[in-house]
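3D, please:
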Amino acid sequence: MTHHRWTLRTDRTSYTVRLSEDGPWAELDAWGPHGSEDGPSAFDRSRRTHFITPADTAPAEYLPSGLRPFTGADLIASRPGGDRGVWWEFAGAEEGEGTLRLAFTDDVLGLRTVLCYDTVPGTDVVRRWTEHTCTGGEPLRLERFDSAAVNVPASDGVRLTCLAGQWSQEFQRTQLDLTRGTFTIGSVQGVPGHAYAPWIAVQDRTAPHDGPAPTYGLALEWPGNWHITAAAEPGGAVRVRAGRVPHEGAVLLAPGDTLTTPKLACVFSPDGLDGLARAQHRYERLLTGERIHRTRKVLYNSWEATGFDVDAAGQLELAEAAAGIGAELFVVDDGWFTGRADDTGGLGDWYPDPAAFPQGFDRFIGQVRALGLDFGLWVEPEAVSPGSRLHAEHPEWVYRVKDRPARLVRNQLLLDLGREDVQDFVTGTLDRLLTTYDISYLKWDMNRPPTERGRPGAGPAGELDLDAAHVRGYLRVLDHLRTAHPHVTVEGCAGGGGRVDHATIARTDVVWPSDNTAPLDRLRIQYGFLHVHAPHVMSSWVTDAPGLFDPRPRSLAFRFVTAMCGVLGIGADLRAWGPGQRAEAARWTARYKEVREVIHHGDARLLGTPDDPTCGVQYDAPDGRRTVVAAFSTGRLDGAPLVPGRPARLRPRGLDPAARYHDTATGTTYGGAHLLHYGLPFAWSAGHDAELVVLTRQ
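Numbering: from 1, shown residues only. Take a look at the predicted model:
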């Protein structure tokens, strides 16, 4: 038998797959920098097995339960009422420019599975997914259908890095060593969720925590139920599976139908977590498409200032103050529509409240725009209030289980966005708002996970793939927005960071990482977020919110520099700010506008962690001419500056040691070698706990 071997090449890496000598499956041969495929595979093994099969020790790209009975299969399929298991044969390969398709068939079961690969030009991403087609005359029951499995050689275990947390504490970088056993993260809340992000990084557990080291990252493109599972398997390897999780426990695949799994973005970097982050940021800039060139404007959002107490006079007062400090966009949050005096009503009836805007909503928007501001609006299209007109007219549009009570979460119910009539209602509603009024920004929120997820009258629940249907509906509406209203900037939000994934990022312009805007809390959230996601998608506000998890007070400068690490927004009640605060805010806003192109388009490097007394984020312009460093004092300030001491130092990375760098604010010129060796000096004090340094290469 001829054992085929294929290599996919990205800008800097190679991914090599081979047919196994042991059976009808594909195995990973090599994954690393160019040339790593030349030589004996790191996955070569003795092939001696005891009480398990060769497939159970293989570095398999994808295996069904019939061939891999003991150590974790990627596909579990059967005919309804029949025995589970797939015993397939290799059915051929199709190789293209940066693409590969490996087909396997089980004619007895009636299944054809294709392992799909492609590379993304300009990145180091290899995307993987599977296509399952029912080729027989009977439907198939798929209990598990992961997107892919990835193998990492590790003789003594790996270090896993994931982003964990909860609402208001999302994206906390979490690390653990896995030497034996299984580790799983995921969500069954209909969205990626606040508890975990659909991403994981894998390193040898002996690798340095902060420095160059072979690092593998996996991110699942799916805004519904999902899982990522890492297993330390026999023979010194760790295998990571990822895929969607069907709400009903299984999916029925009808004869002739094909199920396509979500894409899994696989990235390798030799430069540790920091290098992996930059590789992932490049990918997200490409996902953004031509919209990457759209300036992310400084916004003001009224929620924290007014809550549900929205009226034209109060909003205009805030808009005038926002324009005065340099904001470019004014967003009216929740509370602008009829029946929305609090969170118990109004959702679904998306018409401006005439009592709040007595001269008309269009006139109000015109007054905002006369201040030189663009106008934006908050919506929650998937939600409905029980007392709304929409619910009275279409109670069948709500998720529910027949003969069971509907549970209220946040005093609201959830629309079944998998229904085409609901999708048409949502697109029609958004079209009406965006064509009737001069709206250039839309904040899409989602504050309620599905609980009683059923669709009475639509057939047996086991034949409904409701999670996938909702995802398709959600993406269809976003795709419609992008096509029908290309000028509108869309912000993705789900009670904070509950729906952040590549499918959403590809269709929105920014996402909201967390409802928590307190300074030290937010710094830690953004530190984790930037491990995976690019600065140009990270919306961040300056507010007066006190810390929930770290209550230490920080200056207005700290709050601004934190928010300037992504897309700057302001959410404080500006009416309560004095002239000095407004003047300082105007200065910071002007500084941000000078450097936002570097922040949004440059390479980002995380300098230290929020656990360090001094940490920061570095942004290098694509042409290398400017470097921006956002620096923070997170440690104790007791005694400073009364006790003798030296400035804190923060070492930049990746600079040219032979070049000279000029600090445009202080007039100081540094040698590149000096900065790399000693770092930038910061004399922190209680009144000076953050700074933005702009270095121009000479």
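
drop to CA atoms for contacts and neighbour counts, all remaining ones
Fine.

Which stretches in the stretch 51-200 of the chain count as strands?
75-78, 89-96, 99-106, 111-119, 125-134, 140-145, 148-153, 158-164, 172-178, 181-187, 199-204 (DSSP state E, counting those that start in this stretch).

what's the least confident stretch among the ones you listed?
Of all the strands of the stretch 51-200 of the chain, mean pLDDT reaches its minimum on strand 148-153 (a mean of 94).

Note down every partner strand of that one and its orientation.
strand 237-244 (antiparallel) (DSSP bridges).

Let's test this: mean pLDDT of the helix or strand following the strand it pairs with, rounded?
Helices and strands here follow DSSP states H and E; after strand 237-244, the next one along the chain is strand 251-253. Computed over strand 251-253, the mean pLDDT rounds to 97.

Then stretch 597-610?
98.

With stretch 429-440 instead?
On average, stretch 429-440 scores 98.

Give the buried residues for that stretch.
T429, L430, D431, L433, L434, I439, S440 (16 or more other C-alpha atoms under 10 Å).

And for stretch 462-474?
L464, D465, L466, D467, A468, A469, H470, V471, R472, G473, Y474.

Just the strands from the stretch 501-650 of the chain, written as ranges.
510-511, 539-542, 567-570, 603-607, 614-620, 626-633, 648-650.

As JSON lines, those with mean neighbour count would be great.
Shown next, in JSON lines, are those (neighbours: other C-alpha atoms under 10 Å):
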{"stretch": "strand 510-511", "mean neighbour count": "28"}
{"stretch": "strand 539-542", "mean neighbour count": "27"}
{"stretch": "strand 567-570", "mean neighbour count": "26"}
{"stretch": "strand 603-607", "mean neighbour count": "24"}
{"stretch": "strand 614-620", "mean neighbour count": "24"}
{"stretch": "strand 626-633", "mean neighbour count": "24"}
{"stretch": "strand 648-650", "mean neighbour count": "18"}
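
could those strands go into TSV alongside distance to L695?
What follows is these, written out as TSV (distance: least, C-alpha to C-alpha, whole Å):
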stretch	distance to L695
strand 510-511	27
strand 539-542	24
strand 567-570	20
strand 603-607	15
strand 614-620	10
strand 626-633	5
strand 648-650	14
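
Now do the helix or strand that contains D29 against strand 111-119, angle only.
In this assignment (DSSP H and E), D29 forms part of strand 26-33. Strand 26-33 runs at 10 degrees relative to strand 111-119, counting by axes from the mean of the first three to the mean of the last three C-alpha atoms, to 10 degrees.

Show the average pLDDT along strand 26-33.
Summarised as a single mean, pLDDT over strand 26-33 is 97.

what angle sits between it and strand 99-106?
Using the same axes, to 10 degrees: strand 26-33 against strand 99-106 is 160 degrees.

Let's see strand 26-33 as PDB, backbone CA atoms only.
Written as PDB, here are the backbone C-alpha positions of strand 26-33 (Å, rounded to 0.1, in the frame of the first residue of the first chain):
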ATOM      1  CA  ALA A  26      -5.100  10.200   8.600                       C
ATOM      2  CA  GLU A  27      -2.400  11.100  11.100                       C
ATOM      3  CA  LEU A  28      -0.500  14.200  11.900                       C
ATOM      4  CA  ASP A  29       3.100  13.900  10.700                       C
ATOM      5  CA  ALA A  30       4.400  17.300  11.600                       C
ATOM      6  CA  TRP A  31       3.300  20.800  12.500                       C
ATOM      7  CA  GLY A  32       5.700  23.600  13.100                       C
ATOM      8  CA  PRO A  33       8.000  26.000  11.300                       C
END
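
ok now it, how far from the chain's centre?
26 Å (C-alpha atoms, centre = their mean, to the nearest Å).

Give me the residues contacting stretch 265-273.
13, 31-33, 124-128, 201, 210-221, 275-276, 279-280, 531 (C-alpha atoms under 8 Å, 6 or more residues apart in numbering).

rerun at 6 Å
Residues outside stretch 265-273 that contact it (C-alpha atoms under 6 Å, 6 or more residues apart in numbering) are 124-127, 211-219, 275-276.

just stretch 100-110 next, same as before
Everything outside stretch 100-110 that qualifies as a contact, by C-alpha under 6 Å, 6+ apart, is 87-94, 111-117, 134-136.

Only the buried residues of that stretch, if you could.
Under 16+ other C-alpha under 10 Å, the buried positions of stretch 100-110 are L100, R101, L102, A103, F104, T105, D106, L109, G110.

And stretch 77-84, by the same measure?
A77, S78, R79, R84.

Who are the contact partners of the nearest residue to the last one once chain neighbours are set aside?
When the adjacent residues along the chain are set aside, R84 lies closest to S78, with 4.5 Å between them (C-alpha to C-alpha, 6 or more residues apart in numbering). Under the criterion of C-alpha under 6 Å, 6+ apart, the contact list for S78 reads R84, L140, R141.

Is it correct that the last one is in contact with P255?
No. Counting by C-alpha atoms under 6 Å, R141 sits too far from P255 to count as a contact (11.2 Å).

Settle it for me: which of these two has more neighbours?
R141 (23 against 16; other C-alpha atoms under 10 Å).

from the buried residues of stretch 77-84, which is closest to Y661?
Among the buried residues of stretch 77-84, A77 lies closest to Y661 (C-alpha to C-alpha), at 60.7 Å.

right, and that closest one touches L142 too?
Yes. Between A77 and L142 there is a contact under C-alpha under 6 Å: 4.5 Å.

now the helices: where do they sit in the protein?
54-57, 272-288, 303-306, 312-324, 361-370, 389-393, 420-436, 466-484, 502-505, 519-529, 556-563, 579-601, 672-677 (DSSP state H).

What average pLDDT does the fourth one get?
Okay, so that is helix 312-324. 98.

okay, the angle between it and helix 579-601?
Using the same axes, to 10 degrees: helix 312-324 against helix 579-601 is 70 degrees.

tell me which residues in helix 312-324 are buried?
Quick answer for helix 312-324 (16+ other C-alpha under 10 Å): A312, Q315, L316, L318, A319, E320, A321, A322, A323.

Then the third one?
The neighbour-count check on helix 303-306 (16+ other C-alpha under 10 Å) flags W303, A305, T306 as buried.

Pipe those into TSV and attach pLDDT and distance to R499 per row.
As requested, these are exported to TSV (pLDDT from 0 to 100; distance: C-alpha to C-alpha, whole Å):
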residue	pLDDT	distance to R499
W303	97	20
A305	97	25
T306	97	25
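
which one of these sits closest to L417?
Looking across the buried residues of helix 303-306 and measuring by C-alpha to C-alpha, the closest to L417 is W303, at 26.4 Å.

so what's G616 up against?
L607, A630, A631, F632 are the contacts of G616 under C-alpha under 6 Å, 6+ apart.

For L115, see how far away T105 is.
Computed as C-alpha to C-alpha, to the nearest Å, the T105 to L115 distance reads 11 Å.

Then A231?
21 Å.

same check, this time on T49
26 Å.

Compare neighbour counts for these two and give me the winner.
Ranked by neighbour count (other C-alpha under 10 Å), T49 and L115 place L115 first, with 20 against 13.

what bridges to that one?
Bridge pairing for L115 - DSSP bridges - gives L102, T130.

was I right about it contacting T130?
Yes. The pair L115 / T130 is scored as a contact, 4.8 Å apart, by C-alpha under 6 Å.

Quick check: neighbours shared by these two?
In contact with both L115 and T130: no residue, using C-alpha under 6 Å, 6+ apart.
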